[in-house]
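A.B. asks: Prediction below, plus the sequence it came from.
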Amino acid sequence: MKVTPVSEIVGAEITDVNLADPISEDAKSALRKALLDHLVLVIRDQTLTPEQQVTFSEIWGELETPSNIEYTTEETHKVMILSNEIRPDGTAVGVVDGGDFWHSDSSHIEIPSAITILQSVRNPERGGDTEFCNMYAAYEGLSDDIKEKIDGLYGIHHVSKVGNKRVTISPDRPGAKDFYKAQAKARPKVIQPLVLEHPETGQKALYCSPRFTVGIHGMSEEESDPILDAIFAPITDRKRPNHYRHKYRENDLVMWDNRCICHRAVGGYGLPDIRRMHRTVVGGDRPYADQHIAA
Ligand code: SIN
């Protein structure tokens, strides 16, 4: 197995491995080290069936069950489909607007996702990249003043796009407005530390995103807005050197560490051009915040 960095700041390409085969302990250790060192792995030439993707994913921990069974594969409900494909009856084959704003997966639940694994099944002719931001570097690059201000603070995270002025709802997803309105009522807000000590490396990472972080615990909107603007800037401002933009080749499998990576699906494609990704998610093994603090 060969590990080659794809940029100085984040990402490595992995070649000469077949993830459909049983993974040896040595290969697993090498992959874990590569993930902790490079935060995003681009594993070339993989054609995993949904079941094989689950088998590979489960070596990293217990998988999350996607909340929307409707958008999972026939073979297994543990694999979620992200796709812009619409059936003749108007229903969507997968989640159409998945990941369209900067986020860390499931930071809106008490125990957020640890690792996400995305197998590219069908790439559009153009567009469809995923962008990644190294959140250790994002934290390091903050001014001392902002670092001091956010020390010990908690972000408020919510899954619904309704009420989040920093995001919009895609017109391409059937029923999206009603879906997000229902979520706004049904799903609770949670708090997460704005600075996360990575459970495995112990390094400090910025832990917030324009998609899910809608406020700062204990602060009014007027107080929190300038701080949120300052900590979102190193994520959204791609002139800062924290980013890697991945353009998919056929049969790429990409995995990333949500505890130190923020990412977004860049878009830029449209029907009849189809993008299809199969996504599995390894759940976290601990909460980062005591939710009683917010009560
Ligand atoms: C995601 O946000 O998990 C998916 C990103 C992508 O589809 O590029």
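C.D. replies: In hand now; what should we look at?
A.B. asks: Every contact and neighbour count from this point should use C-alpha atoms.
C.D. replies: Noted.
A.B. asks: continuing past the helix or strand of the chain with the lowest mean pLDDT, what's the next helix or strand?
C.D. replies: Using mean pLDDT, DSSP states H and E, helix 176-186 stands out as the lowest-scoring helix or strand of the chain, at a mean of 80. Downstream of helix 176-186, the next assigned helix or strand under DSSP states H and E is strand 190-193.
A.B. asks: From the chain's centroid, how far away is that next one?
C.D. replies: Its chain's C-alpha centre and that of strand 190-193 lie 16 Å apart, by Cα atoms, centre = their mean, to the nearest Å.
A.B. asks: likewise stretch 175-183?
C.D. replies: 21 Å.
A.B. asks: Kindly provide the distance from the residue in the stretch 51-200 of the chain positioned nearest to the ligand to Ser106.
C.D. replies: The nearest approach of the stretch 51-200 of the chain to the ligand comes at Gly99, 3.4 Å away (Cα to the nearest ligand atom). Applying Cα to Cα, to the nearest Å, the value for Gly99 to Ser106 is 11 Å.
A.B. asks: Equivalent analysis for Arg276, please.
C.D. replies: 21 Å.
A.B. asks: Check Asp285 too.
C.D. replies: From Asp285 to Ser106 the distance is 13 Å (Cα to Cα).
A.B. asks: Counting neighbours, go ahead and name the busier of these two.
C.D. replies: Ser106 (19 against 13; other Cα atoms under 10 Å).
A.B. asks: Just give the closest residue to that one, not the sequence neighbours.
C.D. replies: Closest residue in space to Ser106, ignoring its immediate chain neighbours: Pro112 at 4.9 Å, by Cα to Cα, 6 or more residues apart in numbering.
A.B. asks: cool, and Asn123?
C.D. replies: Arg275 (4.9 Å).
A.B. asks: Check whether the one you found really touches Arg122, as I assumed.
C.D. replies: Yes: at 5.3 Å, Arg275 counts as touching Arg122 under the criterion of Cα atoms under 8 Å.
A.B. asks: Looking at these two, which one has more neighbours?
C.D. replies: Arg275 (23 against 17).
A.B. asks: Check what pLDDT that one gets.
C.D. replies: Arg275 is assigned 97 on the pLDDT scale.
A.B. asks: With the one 3 residues further on instead?
C.D. replies: According to the per-residue confidence, His278 scores 98 in pLDDT.
A.B. asks: Could you do Arg187 as well?
C.D. replies: pLDDT, Arg187: 85.
A.B. asks: pLDDT weak spots in the stretch 1-150 of the chain?
C.D. replies: Counting by pLDDT under 70, the stretch 1-150 of the chain contains no low-confidence range.
A.B. asks: Please enumerate the helices of it.
C.D. replies: Along the stretch 1-150 of the chain, counting by DSSP state H, counting those that start in this stretch, helices occupy 25-38, 50-58, 135-140, 144-150.
A.B. asks: Turn these into a markdown table, including mean neighbour count and distance to the ligand.
C.D. replies: Formatted as a markdown table, the helices of the stretch 1-150 of the chain follow (neighbours: other Cα atoms under 10 Å; distance: least, Cα to the nearest ligand atom, whole Å):
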| stretch | mean neighbour count | distance to the ligand |
| --- | --- | --- |
| helix 25-38 | 15 | 17 |
| helix 50-58 | 19 | 14 |
| helix 135-140 | 22 | 16 |
| helix 144-150 | 12 | 26 |
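A.B. asks: closest to Asp237 out of these?
C.D. replies: Comparison of the helices of the stretch 1-150 of the chain against Asp237 by Cα to Cα identifies helix 135-140 as nearest, at 10.5 Å.
A.B. asks: what does the least confident helix or strand of the chain contact?
C.D. replies: Under the criterion Cα atoms under 8 Å, 6 or more residues apart in numbering, residues Val159, Ser160, Lys161, Val162, Ile169, Ser170 lie in contact with helix 176-186.
A.B. asks: Can you pull the residues of the stretch 101-250 of the chain lying near the ligand?
C.D. replies: Residues of the stretch 101-250 of the chain lying close to the ligand (Cα under 6 Å from any ligand atom) are Thr130.
A.B. asks: picking that back up, got CSV for the helices of the stretch 1-150 of the chain, with distance to Gly268 too?
C.D. replies: Formatted as CSV, the helices of the stretch 1-150 of the chain follow (distance: least, Cα to Cα, whole Å):
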stretch, distance to Gly268
helix 25-38, 26
helix 50-58, 26
helix 135-140, 25
helix 144-150, 34
